[in-house]
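**Q** dropping a prediction and its sequence here:
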Amino acid sequence: MDSRLRRTYFRLIYKRTFRYLSVTAALSLIIGALYDSSLYTVYAFSALGACMVCWGWFTYLIATGLRLPGLEFRRKKKKVPFVHRKDKNKRPHRPSFRMDSEDFDDDLTAATVVDEEIFTKKQQDFARAISRGICGGILFVVSFFIPLS
C-alpha cells in the first residue's frame, strides 16, 4: 500500500471510529441523564465499550474467514444511482421523504466521503474491526475518568 492509499485507509478508520464513538457516547449520556446519576453513565460507557470491543472481535473473526452459524449476513445489492439509470424520465412513485440518495440527480456523496470502493472487501472488514475495537477502548478509558457522585 503506497503512502496516499495508507493515509486514505487511516482516514477511513478515523472516520468510522469517531462515528461509532459519537453514537455510543450520546447513548451513554442519555442513559445517565434518564437515571439522573453519573454511576449509570459509567455503567453505560463500560457496557457499550465492551459491546464495541466484542463487535470488533467478531468482525475480525469474520474477516479472517471464520464462519459462525449465527453471524451469517447477506449483503444487499447496491442500487444503481439515478444518474446511471437508463430511463431517467420515469419518476419513482413514492413521496420524496421515502426516497434514498440514489433517487436524486444531485448526489454529491461520492465527492465528500472517503471512497471505500478503492479498498478490497477484506481491507474494509479489517478497518471496521479496528475502528470498533478502538472505539471500545476509548469508551473504557473515558469511563475511568467520570467522577461518581
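**A** Yep, it's here.
**Q** only C-alpha atoms for contact and neighbour calcs from this point on.
**A** Noted.
**Q** which secondary structure elements does the helix or strand harbouring Met52 sit against?
**A** Using DSSP states H and E, Met52 falls within helix 38-64. Secondary-structure packing of helix 38-64 (3 or more Cα pairs under 8 Å, 6 or more residues apart in numbering; DSSP states H and E): helix 3-35, helix 121-145.
**Q** for the longest one, which residues meet the burial criterion?
**A** Okay, so that is helix 3-35. 8-9, 12-14, 16-18, 20-21, 24-25, 27-29, 31-32 (16 or more other Cα atoms under 10 Å).
**Q** with the last one instead?
**A** For helix 121-145, the buried set under the neighbour-count rule, 16+ other Cα under 10 Å, comprises 124-140, 143.
**Q** run through who's touching stretch 2-21.
**A** With contacts defined as Cα atoms under 8 Å, 6 or more residues apart in numbering, stretch 2-21 is touched by Val114, Glu116, Ala127, Arg128, Ile130, Ser131, Arg132, Ile134, Cys135, Leu139.
**Q** pLDDT-wise, what's the bottom of those residues?
**A** Of all the contacts of stretch 2-21, the one the model is least sure of by pLDDT is Val114, with 62.
**Q** so where's the chain shaky on pLDDT?
**A** 68, 70-76, 78, 82-83, 85-115, 149 (pLDDT under 70).
**Q** could you rerun that using 80?
**A** 1, 67-117, 149 (pLDDT under 80).
**Q** name the residue closest to the centre of this structure, please.
**A** Nearest residue to the geometric centre of the chain (Cα atoms, centre = their mean): Arg16, 5.2 Å.
**Q** give me the distance between it and Tyr43.
**A** Distance of Arg16 to Tyr43, given as Cα to Cα, to the nearest Å: 23 Å.
**Q** got it, and Cys51?
**A** 12 Å.
**Q** cool, and Lys79?
**A** 40 Å.
**Q** and what of Lys15?
**A** Following Cα to Cα, the distance that separates Lys15 from Tyr43 is 25 Å.
**Q** with Arg7 instead?
**A** 35 Å.
**Q** can you check Gln124 too?
**A** 31 Å.
**Q** cool, Glu117 as well?
**A** Taking Cα to Cα, one finds Glu117 at 37 Å from Tyr43.
**Q** tell me which of these two has more neighbours.
**A** Per other Cα atoms under 10 Å, whichever of Glu117 and Tyr43 has more neighbours is Tyr43, with 16 against 8.
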